[in-house]
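**Q** Sequence plus the predicted model coming up.
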Amino acid sequence: MTEKSRQYARQAKEWTERSYADATAYLGHRAELVVSLGPRLEPGDEVLDLACGDGGFGEALLARGLRYRGVDATPEMVAQARSRLRGRAPVELGDLDDYEPPVPVAATTLFRALYYARERRAFFRRVAEYTERKLVFDVNPRQYRIDYVLADLREAGLSRVELRPFFVPQTVALPRPVLAAAVALERSGPLARLALRFRFTYVVAASREA
Ligand SMILES: C[S@@+](CC[C@H](N)C(=O)[O-])C[C@H]1O[C@@H](n2cnc3c(N)ncnc32)[C@H](O)[C@@H]1O
(Lines give C-alpha, C1' and ligand atoms only; values in the text may rest on other atoms or scores of the structure.)
Protein backbone atom coordinates (compact mmCIF):
# COMPACT_ATOMS: atom_id res chain seq x y z
CA MET A 1 0.00 0.00 0.00
CA THR A 2 1.38 3.43 -0.93
CA GLU A 3 1.39 6.47 1.36
CA LYS A 4 -1.14 8.08 -1.02
CA SER A 5 -3.61 5.20 -0.64
CA ARG A 6 -3.19 5.25 3.17
CA GLN A 7 -3.95 8.95 2.98
CA TYR A 8 -7.16 8.33 0.97
CA ALA A 9 -8.16 5.66 3.48
CA ARG A 10 -7.77 8.18 6.32
CA GLN A 11 -9.64 10.91 4.39
CA ALA A 12 -12.56 8.75 3.23
CA LYS A 13 -14.99 9.79 5.95
CA GLU A 14 -16.79 12.93 4.75
CA TRP A 15 -14.39 13.30 1.81
CA THR A 16 -16.96 15.32 -0.16
CA GLU A 17 -17.92 17.59 2.72
CA ARG A 18 -14.27 18.32 3.52
CA SER A 19 -12.97 18.60 -0.06
CA TYR A 20 -15.56 21.02 -1.41
CA ALA A 21 -16.41 24.34 0.25
CA ASP A 22 -19.78 24.29 -1.56
CA ALA A 23 -20.29 20.68 -2.67
CA THR A 24 -23.77 21.36 -4.05
CA ALA A 25 -22.52 24.12 -6.35
CA TYR A 26 -19.27 22.40 -7.34
CA LEU A 27 -20.62 18.90 -7.97
CA GLY A 28 -23.89 20.26 -9.37
CA HIS A 29 -22.04 22.25 -12.03
CA ARG A 30 -19.80 19.29 -12.76
CA ALA A 31 -22.95 17.17 -13.24
CA GLU A 32 -24.45 19.78 -15.61
CA LEU A 33 -21.34 19.56 -17.76
CA VAL A 34 -21.35 15.76 -17.72
CA VAL A 35 -24.90 15.93 -19.09
CA SER A 36 -24.49 18.75 -21.61
CA LEU A 37 -20.88 18.90 -22.83
CA GLY A 38 -20.44 16.79 -25.97
CA PRO A 39 -23.24 14.34 -26.88
CA ARG A 40 -26.07 14.98 -24.44
CA LEU A 41 -27.04 12.43 -21.78
CA GLU A 42 -30.69 11.65 -21.11
CA PRO A 43 -32.42 10.54 -17.90
CA GLY A 44 -31.88 6.82 -17.39
CA ASP A 45 -28.43 6.81 -19.01
CA GLU A 46 -25.76 5.13 -16.91
CA VAL A 47 -22.61 6.98 -15.85
CA LEU A 48 -19.58 5.02 -14.68
CA ASP A 49 -17.56 7.19 -12.28
CA LEU A 50 -13.99 5.90 -12.02
CA ALA A 51 -12.02 6.91 -8.90
CA CYS A 52 -15.39 7.91 -7.42
CA GLY A 53 -14.11 8.62 -3.91
CA ASP A 54 -16.98 8.61 -1.41
CA GLY A 55 -19.61 8.81 -4.17
CA GLY A 56 -20.53 12.44 -3.48
CA PHE A 57 -20.74 13.08 -7.22
CA GLY A 58 -23.23 10.21 -7.47
CA GLU A 59 -25.78 12.30 -5.56
CA ALA A 60 -25.56 15.08 -8.17
CA LEU A 61 -25.93 12.67 -11.12
CA LEU A 62 -28.78 10.67 -9.54
CA ALA A 63 -30.58 13.97 -8.88
CA ARG A 64 -30.50 14.57 -12.65
CA GLY A 65 -32.23 11.25 -13.36
CA LEU A 66 -29.08 9.44 -14.46
CA ARG A 67 -28.04 6.01 -13.25
CA TYR A 68 -24.70 5.84 -11.46
CA ARG A 69 -22.00 3.23 -10.95
CA GLY A 70 -18.99 4.11 -8.79
CA VAL A 71 -15.58 2.43 -8.73
CA ASP A 72 -12.66 3.24 -6.45
CA ALA A 73 -9.44 1.50 -5.45
CA THR A 74 -9.60 2.48 -1.77
CA PRO A 75 -11.82 0.13 0.29
CA GLU A 76 -12.63 2.90 2.81
CA MET A 77 -13.86 5.18 -0.01
CA VAL A 78 -16.02 2.36 -1.40
CA ALA A 79 -17.52 1.78 2.08
CA GLN A 80 -18.32 5.49 2.43
CA ALA A 81 -19.83 5.65 -1.07
CA ARG A 82 -22.03 2.61 -0.39
CA SER A 83 -23.23 4.11 2.86
CA ARG A 84 -23.91 7.50 1.19
CA LEU A 85 -25.80 6.05 -1.77
CA ARG A 86 -27.60 3.37 0.27
CA GLY A 87 -28.44 0.92 -2.50
CA ARG A 88 -29.45 3.61 -5.03
CA ALA A 89 -26.36 2.80 -7.11
CA PRO A 90 -23.72 0.05 -7.20
CA VAL A 91 -20.24 0.92 -5.94
CA GLU A 92 -17.35 -1.48 -6.54
CA LEU A 93 -13.78 -1.84 -5.41
CA GLY A 94 -11.64 -1.70 -8.54
CA ASP A 95 -8.70 -0.19 -10.35
CA LEU A 96 -9.45 2.29 -13.13
CA ASP A 97 -6.74 0.65 -15.21
CA ASP A 98 -8.49 -2.69 -15.51
CA TYR A 99 -12.10 -2.25 -14.38
CA GLU A 100 -14.77 -3.18 -16.93
CA PRO A 101 -18.49 -2.58 -16.29
CA PRO A 102 -20.83 -5.60 -16.65
CA VAL A 103 -22.52 -3.92 -19.64
CA PRO A 104 -21.44 -0.88 -21.70
CA VAL A 105 -22.23 2.50 -20.13
CA ALA A 106 -23.43 5.72 -21.77
CA ALA A 107 -20.66 7.79 -20.20
CA THR A 108 -17.52 7.27 -18.16
CA THR A 109 -16.19 10.00 -15.88
CA LEU A 110 -12.84 10.51 -14.19
CA PHE A 111 -12.46 13.52 -11.94
CA ARG A 112 -9.32 14.65 -10.13
CA ALA A 113 -7.70 11.33 -10.97
CA LEU A 114 -6.27 11.41 -14.51
CA TYR A 115 -2.77 11.08 -13.03
CA TYR A 116 -3.68 7.64 -11.64
CA ALA A 117 -3.96 6.08 -15.10
CA ARG A 118 -0.79 3.96 -15.49
CA GLU A 119 -0.57 4.64 -19.21
CA ARG A 120 -2.94 7.34 -20.40
CA ARG A 121 -3.29 6.22 -24.01
CA ALA A 122 -4.03 2.61 -23.03
CA PHE A 123 -6.51 3.87 -20.44
CA PHE A 124 -8.42 5.93 -23.04
CA ARG A 125 -8.45 2.95 -25.41
CA ARG A 126 -9.92 0.66 -22.75
CA VAL A 127 -12.58 3.19 -21.71
CA ALA A 128 -13.55 3.72 -25.38
CA GLU A 129 -14.34 0.00 -25.65
CA TYR A 130 -17.10 0.03 -23.03
CA THR A 131 -18.31 3.65 -23.28
CA GLU A 132 -21.07 4.30 -25.80
CA ARG A 133 -21.35 8.09 -25.83
CA LYS A 134 -18.51 9.96 -24.12
CA LEU A 135 -15.69 10.07 -21.64
CA VAL A 136 -15.73 13.17 -19.40
CA PHE A 137 -12.76 14.13 -17.22
CA ASP A 138 -10.95 17.15 -15.85
CA VAL A 139 -7.41 18.18 -16.60
CA ASN A 140 -5.12 20.85 -15.23
CA PRO A 141 -3.50 22.63 -18.21
CA ARG A 142 -0.55 23.74 -16.08
CA GLN A 143 0.22 20.12 -15.31
CA TYR A 144 -0.53 18.49 -18.69
CA ARG A 145 0.07 19.56 -22.31
CA ILE A 146 -3.50 19.63 -23.64
CA ASP A 147 -2.38 18.86 -27.21
CA TYR A 148 -0.72 15.63 -25.94
CA VAL A 149 -3.91 14.63 -24.11
CA LEU A 150 -5.95 15.30 -27.29
CA ALA A 151 -3.51 13.23 -29.35
CA ASP A 152 -3.97 10.29 -26.96
CA LEU A 153 -7.76 10.65 -27.20
CA ARG A 154 -7.58 10.70 -31.02
CA GLU A 155 -5.45 7.59 -31.01
CA ALA A 156 -8.14 5.87 -28.88
CA GLY A 157 -10.80 6.81 -31.45
CA LEU A 158 -12.20 9.64 -29.29
CA SER A 159 -11.44 12.42 -31.74
CA ARG A 160 -14.47 14.60 -31.17
CA VAL A 161 -13.52 16.73 -28.18
CA GLU A 162 -15.13 19.62 -26.35
CA LEU A 163 -13.22 21.56 -23.70
CA ARG A 164 -14.84 23.81 -21.13
CA PRO A 165 -13.03 25.81 -18.44
CA PHE A 166 -14.43 24.99 -14.99
CA PHE A 167 -14.51 28.05 -12.74
CA VAL A 168 -16.45 26.94 -9.66
CA PRO A 169 -13.74 27.03 -6.99
CA GLN A 170 -13.16 23.95 -4.91
CA THR A 171 -12.11 25.50 -1.63
CA VAL A 172 -14.09 28.76 -1.57
CA ALA A 173 -17.89 29.05 -1.36
CA LEU A 174 -19.02 31.94 -3.56
CA PRO A 175 -22.24 33.94 -3.07
CA ARG A 176 -24.79 32.90 -5.74
CA PRO A 177 -24.44 36.01 -8.01
CA VAL A 178 -20.62 35.65 -8.03
CA LEU A 179 -20.97 31.95 -8.75
CA ALA A 180 -23.24 32.73 -11.72
CA ALA A 181 -20.65 35.24 -13.03
CA ALA A 182 -17.85 32.65 -12.65
CA VAL A 183 -19.86 30.10 -14.65
CA ALA A 184 -20.64 32.72 -17.33
CA LEU A 185 -16.90 33.49 -17.58
CA GLU A 186 -16.23 29.87 -18.57
CA ARG A 187 -17.46 30.74 -22.08
CA SER A 188 -15.51 34.00 -22.34
CA GLY A 189 -12.76 32.69 -24.63
CA PRO A 190 -9.49 34.65 -24.21
CA LEU A 191 -10.36 35.79 -20.66
CA ALA A 192 -11.08 32.22 -19.60
CA ARG A 193 -7.82 31.02 -21.17
CA LEU A 194 -5.94 33.73 -19.28
CA ALA A 195 -7.46 32.57 -15.95
CA LEU A 196 -6.44 28.99 -16.78
CA ARG A 197 -2.81 30.05 -16.93
CA PHE A 198 -2.96 30.62 -13.18
CA ARG A 199 -5.79 28.48 -11.73
CA PHE A 200 -8.68 26.14 -12.48
CA THR A 201 -9.09 23.17 -14.81
CA TYR A 202 -10.73 22.19 -18.08
CA VAL A 203 -13.55 19.67 -18.26
CA VAL A 204 -13.11 17.54 -21.39
CA ALA A 205 -15.87 15.56 -23.13
CA ALA A 206 -14.44 13.13 -25.69
CA SER A 207 -16.48 10.99 -28.07
CA ARG A 208 -16.29 9.23 -31.43
CA GLU A 209 -16.92 11.21 -34.60
CA ALA A 210 -20.65 11.10 -35.47
C1 LIG B 1 -8.58 13.18 -5.51
S2 LIG B 1 -9.66 11.84 -5.17
C3 LIG B 1 -11.03 12.23 -6.27
C4 LIG B 1 -12.33 11.61 -5.84
C5 LIG B 1 -13.55 12.05 -6.65
N6 LIG B 1 -13.42 11.65 -8.05
C7 LIG B 1 -13.74 13.54 -6.54
O8 LIG B 1 -13.64 14.23 -7.60
O9 LIG B 1 -13.99 14.04 -5.44
C10 LIG B 1 -8.88 10.50 -6.04
C11 LIG B 1 -9.57 9.15 -5.83
O12 LIG B 1 -8.93 8.22 -6.72
C13 LIG B 1 -8.89 6.96 -6.09
N14 LIG B 1 -7.87 6.17 -6.80
C15 LIG B 1 -6.52 6.33 -6.79
N16 LIG B 1 -5.93 5.46 -7.62
C17 LIG B 1 -6.94 4.72 -8.19
C18 LIG B 1 -6.98 3.66 -9.14
N19 LIG B 1 -5.85 3.19 -9.68
N20 LIG B 1 -8.16 3.15 -9.49
C21 LIG B 1 -9.32 3.62 -8.94
N22 LIG B 1 -9.34 4.62 -8.02
C23 LIG B 1 -8.18 5.18 -7.66
C24 LIG B 1 -8.59 7.29 -4.64
O25 LIG B 1 -8.94 6.23 -3.77
C26 LIG B 1 -9.45 8.54 -4.44
O27 LIG B 1 -10.74 8.19 -3.98
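**A** Structure's in. What do you need? Residues are numbered from 1 along each chain as shown.
**Q** quick one: pLDDT of Arg142?
**A** Among the per-residue scores, Arg142 shows a pLDDT of 98.
**Q** hang on, it packs against Arg197?
**A** Yes. With contact defined as Cβ atoms under 8 Å, Arg142 and Arg197 form a contacting pair (7.3 Å). Every C-beta, even on glycine, is put in place using the N, C-alpha and C of the backbone.
**Q** mind checking the SS state of the residue of the chain most remote from its centre?
**A** With distances taken from the mean C-alpha point of the chain and given as Cα atoms, centre = their mean, the most distant residue is Pro177, at 25.0 Å. Secondary structure of Pro177, reduced to three states by DSSP: H, G, I helix; E, B strand; the rest coil: helix.
**Q** ok, now the one 3 residues further on?
**A** The three-state assignment at Ala180 reads helix, by three-state DSSP.
**Q** what about the helices in this protein?
**A** Assigned by DSSP state H, the helices in the chain fall at 3-11, 15-19, 23-36, 56-62, 75-85, 120-130, 146-155, 176-185, 190-196.
**Q** Pull the number of nearby residues for Val127.
**A** Residues within reach of Val127, counting by other Cβ atoms under 10 Å, total 26.
**Q** now Lys13
**A** By the measure other Cβ under 10 Å, the count of residues near Lys13 is 14.
**Q** contacting residues for the nearest residue to it once chain neighbours are set aside?
**A** Among residues not flanking Lys13 along the chain, Gln80 sits closest, at 6.3 Å (Cβ to Cβ, 6 or more residues apart in numbering). Under the criterion of Cβ atoms under 8 Å, 6 or more residues apart in numbering, the contact partners of Gln80 comprise 12-15, 53-55.
**Q** Tell me the one of those residues nearest Pro39?
**A** Top of the list for closeness to Pro39, among these and by Cβ to Cβ, is Gly55 at 24.5 Å.
**Q** Just confirm that closest one contacts Gly87, I think it does.
**A** No. Between Gly55 and Gly87 there is no contact under Cβ under 8 Å: 11.9 Å.
**Q** Which one's more surrounded, these two?
**A** Higher neighbour count among Gly55 and Gly87: Gly55, with 26 against 7, using other Cβ under 10 Å.
**Q** nearest residue to that one other than its sequence neighbours?
**A** Excluding its sequence neighbours, the residue lying closest to Gly55 (Cβ to Cβ, 6+ apart) is Ala81, at 3.0 Å.
**Q** Enumerate every residue touching that neighbour.
**A** With Cβ under 8 Å, 6+ apart as the criterion, the residues that contact Ala81 are 52-55, 58, 70, 72, 91.
**Q** Of these, which are in range of the ligand?
**A** Among the contacts of Ala81, the residues within reach of the ligand (Cβ under 6 Å from any ligand atom) are 52-53, 72.
**Q** and which of these is nearest to Phe166?
**A** When the ones next to the ligand among the contacts of Ala81 are compared against Phe166 (criterion: Cβ to Cβ), the nearest one is Gly53, at 17.0 Å.
**Q** Please tell me how far the closest one sits from Ser36.
**A** Using Cβ to Cβ, to the nearest Å, one obtains 23 Å as the distance from Gly53 to Ser36.
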